[in-house]
Every structure is written in structure tokens, then in C-alpha cells.
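Enquirer: Here is my input, please return the structure:
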Amino acid sequence: MQQPRYPWEGSDRDYEYEELLGRVFNILRENNPELAGDRRRTVMRPPQVLREGTKKTVFVNFMDLCKTMHRQPDHVMAFLLAELGTSGSLDGQQRLVVKGRFAPKNFEGILRRYINEYVICIGCKSPDTILSKENRLFFLRCEKCGSGRSVAPIKAGFVARVGRRTAGT
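Expert: This is a model prediction of the structure:
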């Protein structure tokens, strides 16, 4: 008698759904581990935001978050400042100092939008992407699935400039 090639050959028993599903995923994992759905979720630490005086907000772990996203601090800073509608700069300790009073939630929402627009691949949802500038356009290329797309340039919002009054005006 010939040896059966598959476990179900020569058997007329009913298989449980979970049993069949498990078998499909085991075969998937063996042959294509990247398709098996073992997605590692990218977890980012929340922004650490402090007040400095009454008119400044300091984003302490700004550089760490840029490194985690594999993005240039200049690009992330330009997006944050445009979305907040204010000005700011990096201080000597590589912290982002922003003009105005902002809560950590403000930074969280803006960082989430930045990640969706400039970090995450639309095709496979992977954060393993490269942002490059070709001609005058930014392109996002995925390291996992190889897809690419152009991304919108950062548009600076309206920033009100307050001029100083001189005596006599």
C-alpha cells in the first residue's frame, strides 16, 4: 500500500475549523514567513513635552523619535512647526523648543499624521520605508514590498508675526 502524501488522504473524518486554519498558517509560515501575518507593531514612545517659562514648549525626546522613524530631524521639525503654526528650533541638547504653549496631545496627533503621511507604507503598512527627494518631489519607498509613492510637500501654515512697537507710534 502506498504512503498517503497528505494527512487527510485515506481519512473521512471531519476536521475542526481551528485545526484547518492552523494547518494553513503553518504551511504559510514555512513557505512565506513574511505573509504569515506575524506583524510586529511599531510602538513609539509618547512625546515628552515640558514648559519652559510661560511662552515656550520643549519637546524633549524629539531626536529619539526621529531616529525611531528613520527620518531627518529637519523634515519632522518642518512638519511639526507648520502644523502647529508656530516657530521653533533645536537647542544645544537637541531638544525641540517651540514658541507657544502646547500640550503633549497636540504633538501626538501631529506625529501620528506625520507617520501616516511620511513613514508608513500604504501597501503593506510597514514602517521600513525610505524618504528621498528626487528633483523637487519627495518619494516614499518601502523596503519590504518595494512599492513607492510620492508624498505631499510640507506646506507652512499661516504664522502671525507680532511686530514691536517703538515709542511714538
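Enquirer: What distance do you get for Pro46 to Ser132?
Expert: With the distance defined as C-beta to C-beta, to the nearest Å, Pro46 ends up 28 Å from Ser132. In short, each C-beta sits where N, CA and C put it, glycine included.
Enquirer: try Gly146
Expert: In terms of C-beta to C-beta, Gly146 sits 14 Å off from Ser132.
Enquirer: got it, and Arg13?
Expert: 56 Å.
Enquirer: again with Leu84
Expert: When Leu84 is compared with Ser132 (using C-beta to C-beta), they lie 26 Å apart.
Enquirer: Settle it for me: which of those two has more neighbours?
Expert: Counted by other C-beta atoms under 10 Å, Leu84 and Ser132 do not tie: Leu84 has more neighbours, with 19 against 11.
Enquirer: so the more buried one makes contact with Ile110?
Expert: Yes: between Leu84 and Ile110 a contact is recorded at 6.9 Å, counting by C-beta atoms under 8 Å.
Enquirer: so which strand or helix has the spatially most central residue of the chain?
Expert: Closest residue to the average C-alpha location of the chain: Ile115 at 2.9 Å, with C-alpha atoms, centre = their mean. Here Ile115 sits within helix 104-118, counting by DSSP states H and E.
Enquirer: other SSEs contacting that helix?
Expert: If you count contacts as 3 or more C-beta pairs under 8 Å, 6 or more residues apart in numbering; DSSP states H and E, helix 104-118 packs onto helix 62-69, helix 73-84.
Enquirer: That helix relative to helix 62-69, how many degrees between them?
Expert: 30 degrees (axes from the mean of the first three to the mean of the last three C-alpha atoms, to 10 degrees).
Enquirer: Please list the residues outside helix 104-118 that contact it.
Expert: With contacts defined as C-beta atoms under 8 Å, 6 or more residues apart in numbering, helix 104-118 is touched by 44, 46-49, 59, 65, 69, 71, 75-76, 79-80, 83-84, 127, 131, 138, 140, 151-152.
Enquirer: got the end-to-end distance for stretch 117-134?
Expert: Criterion C-alpha to C-alpha, to the nearest Å; first-to-last residue distance in stretch 117-134 is 17 Å.
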